[in-house]
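Asks: Fold the following and give me the result.
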Amino acid sequence: MLQELHFRARQVVYDLRTGLLFRPASMTLWSALLALTLPWLESHPEVERPLTALLGPYVAGEPGAAQLLLTTIAASVMTTLSVVYSVLLMALSLASVQFSPRILGNFLRSRTSQTTVGLFTGTFVYALLVLRTVRTAGDGFVPILAVAAALVMALVCLGGLLYALHDIAVSIQANSIADRIACETLAVLDEVMPAGPVDGQEGSPPLHIPPGATAVVAKAAGYLQLIDHAALLALAQHQGATLYLPVAEGEFAAPGDPLLWVHGGKATDEAWVARARTAFDLGSSRTMQQDVEFGLRQIVDVALKAISPAINDPSTACTCIDQLGRVLGEAVQRPVPWSELGSDSGRLRRRPPNAFRLIDLTFAQLRQYGHGDMAVVLRLLRAATHVARLCVRRGDRDRLQHHVDLLMAAARQRFAPPDLEEMLSREAVFRQVLGQA
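Replies: Just a heads-up that it's a prediction; the model follows:
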């Protein structure tokens, strides 16, 4: 039960972090509570008198002046908020067209943008709620501490606006985008492929579904964002069966596609099948929760967009290839994760993530579309050499050699012999590193 709650909480937290809703709404709520609390405290004479003596010389103490100040803050903050949203939309549109629509989630998860929007909406709501407590009738009442807090919040909004504009200007640069995606990918890699001794591993064994296994099929369509392996193992042990997991995070499942195969043990009923389906989180898009390949996919897409005839920016492609080599260099040093869990009372078997698929994802499309650009070819050879130095499995080195052979065969047909000198020199370095490994 606790494991299932943790799995659901992880889904909810990730969804709430992605977007411009939860954090701004939370900050607005706290600002509203503060706007209700401070005037209530100041309505007591024993609190109001010392505050008036302390803040009176610095804050508008007359009801008319306080109303004017709060009205000005609310109006200016709301006007500036429209500018902030316009800048955000412009940045998202530019990133989508210039780089790739798949990287928009990184901008929506930006804490700077979320906090800036929250500051402005919170300050606007705060100023409105405090404005209603200012009374001009009779002796009048001005919540002087609340008005001072509104002034401070307005200044904080100004600082937040300047920082947000700076952050957006930096974050839409190609180097920043590639570096941020690479850092997120490495964090996911630490979870799905933890570092450790390789012990002569050469790859993951193939997943063979035995005859007579029963399929648990998907009822809805979507990309696999999360898989609760602990819950699946518990279900396997409850049935005394062996569960085969033919899908992995990031793959698309259509209605009727097998999510799970059950072999042996007790017969499954509808309740058990329903619980098994809840171990799979399906969504309309891929996410960076357990999907290392999606991180590389984003960087590859940015590089492909850069070398397209419409953009023609090989320098950005070279930057992306550097980050791909960085991530792939870490992956080829990691041991292949578990392919089987459990004991005779119940087992869970899967096709684990491995560096072999990551190598194909990194080099296949880039060599196919980039072999006509010498800068891209040279940078691919450099990345392949870097990864080859770090490879600990013969199968991964062979796959690198396969892609380099195809890259060189295509590139030799595109350039004159004098232009091939640097390329042949880097190929020789790669062959030397491969032979030493």
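
Asks: from here on, contacts and neighbour counts on C-alpha atoms
Replies: OK.

Asks: any idea how far Pro206 is from Phe252?
Replies: Distance of Phe252 to Pro206, computed by Cα to Cα, to the nearest Å: 20 Å.

Asks: These two: who's more crowded?
Replies: Relative neighbour count places Phe252 above the other of Phe252 and Pro206, with 18 against 10, counting by other Cα atoms under 10 Å.

Asks: quick one, what contacts the residue nearest to that one when sequence neighbours are not counted?
Replies: Of all residues not flanking Phe252 in the chain, Tyr223 sits nearest, at 4.3 Å (Cα to Cα, 6 or more residues apart in numbering). Neighbour list for Tyr223: 249-253, 282-286 [criterion: Cα atoms under 8 Å, 6 or more residues apart in numbering].

Asks: could I get these as TSV with secondary structure?
Replies: Below are the contacts of Tyr223 laid out as TSV (DSSP: H, G, I helix; E, B strand; the rest coil):
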residue	secondary structure
Glu249	coil
Gly250	coil
Glu251	coil
Phe252	strand
Ala253	strand
Leu282	strand
Gly283	strand
Ser284	coil
Ser285	coil
Arg286	coil
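
Asks: Go ahead and confirm Leu348 touches Leu245.
Replies: Yes: look at Leu348 against Leu245 with Cα atoms under 8 Å: they come within range, at 7.4 Å.

Asks: who has more neighbours, those two?
Replies: Per other Cα under 10 Å, whichever of Leu348 and Leu245 has more neighbours is Leu348, with 25 against 22.

Asks: Look up how far Ala146 lies from the more buried one.
Replies: Distance of Leu348 to Ala146, given as Cα to Cα: 59 Å.

Asks: Just list the residues touching Val156, thanks.
Replies: So Val156 contacts Leu119 (Cα under 8 Å, 6+ apart).

Asks: pLDDT below threshold where in the stretch 1-150 of the chain?
Replies: Applying pLDDT under 70 to the stretch 1-150 of the chain picks out residues 1-3, 44-61, 137-140.

Asks: show me where pLDDT drops low in the stretch 201-350 of the chain?
Replies: Scanning the stretch 201-350 of the chain for pLDDT under 70 picks out 201, 203.

Asks: what's the burial count for Val83?
Replies: Look at Val83: counted by other Cα under 10 Å, it has 13 neighbours.

Asks: now for the helix or strand where it lies, which elements pack on it?
Replies: Using DSSP states H and E, the element containing Val83 is helix 63-98. Packing contacts for helix 63-98, counted by 3 or more Cα pairs under 8 Å, 6 or more residues apart in numbering; DSSP states H and E, involve helix 104-108, helix 111-131, helix 144-171.

Asks: can you tell which of those is closest to Pro194?
Replies: Among the helices and strands packed on helix 63-98, the nearest to Pro194 by Cα to Cα is helix 104-108 (23.8 Å).

Asks: hmm, who's touching the closest one?
Replies: 18-20, 92, 95-96, 114, 181.

Asks: Pick the one among these closest to Ala267.
Replies: Of all the contacts of helix 104-108, Ala267 sits closest to Thr18, with 40.3 Å by Cα to Cα.

Asks: which residue packs closest to the closest one, ignoring adjacent ones?
Replies: In space, Thr18 is closest to Arg109, 4.7 Å off (Cα to Cα, 6+ apart).

Asks: The one you found touches Phe22, doesn't it?
Replies: No: with contacts counted by Cα under 8 Å, Arg109 stays clear of Phe22, the gap being 10.8 Å.

Asks: Contacts only, for the residue nearest the centre of the chain.
Replies: The centroid of the chain falls nearest to Met288 when counting by Cα atoms, centre = their mean (4.7 Å). Shown in contact with Met288 (Cα under 8 Å, 6+ apart): 184-185, 188, 225, 294-295.

Asks: ditto for Gly372
Replies: Contacts here follow Cα under 8 Å, 6+ apart; on that basis Gly372 touches 411, 414.

Asks: hmm, back to that, report the separation between the residue nearest to the centre of the chain and Thr319.
Replies: The spacing between Met288 and Thr319, counted by Cα to Cα, is 21 Å.

Asks: I'd assumed Glu191 was in a helix, is it?
Replies: Yes: according to three-state DSSP, Glu191 belongs to a helix.

Asks: What count of nearby residues applies to it?
Replies: Neighbours of Glu191 using other Cα under 10 Å come to 12.

Asks: check contacts around it.
Replies: By Cα under 8 Å, 6+ apart, the contact list for Glu191 reads Gln290.

Asks: any idea which element Ala9 lies in?
Replies: Assigned by DSSP H and E, Ala9 belongs to helix 2-17.

Asks: ok, now Arg349?
Replies: Secondary structure (DSSP H and E) places Arg349 in strand 346-350.

Asks: Going by neighbour count, which residues in stretch 375-393 are buried?
Replies: Buried residues in stretch 375-393, defined by neighbour count with 16 or more other Cα atoms under 10 Å: 376-393.

Asks: Just the buried ones from the contacts of helix 104-108?
Replies: Applying 16+ other Cα under 10 Å to the contacts of helix 104-108 flags 18-20, 92, 95, 114, 181 as buried.

Asks: Confirm that Pro197 sits in a helix.
Replies: No: under three-state DSSP, Pro197 sits outside any helix and is assigned coil.

Asks: how deep is it tucked in, by neighbour count?
Replies: Pro197 sits with 11 neighbouring residues when counted by other Cα under 10 Å.

Asks: surely it meets Val336?
Replies: No: using Cα under 8 Å as the test, Pro197 is too far from Val336 to be in contact (9.8 Å).

Asks: Based on its surroundings, how many neighbours for Pro258?
Replies: Pro258: 17 surrounding residues under other Cα under 10 Å.

Asks: give the contact list for it.
Replies: 215-218, 246.

Asks: Sounds good, over and out.
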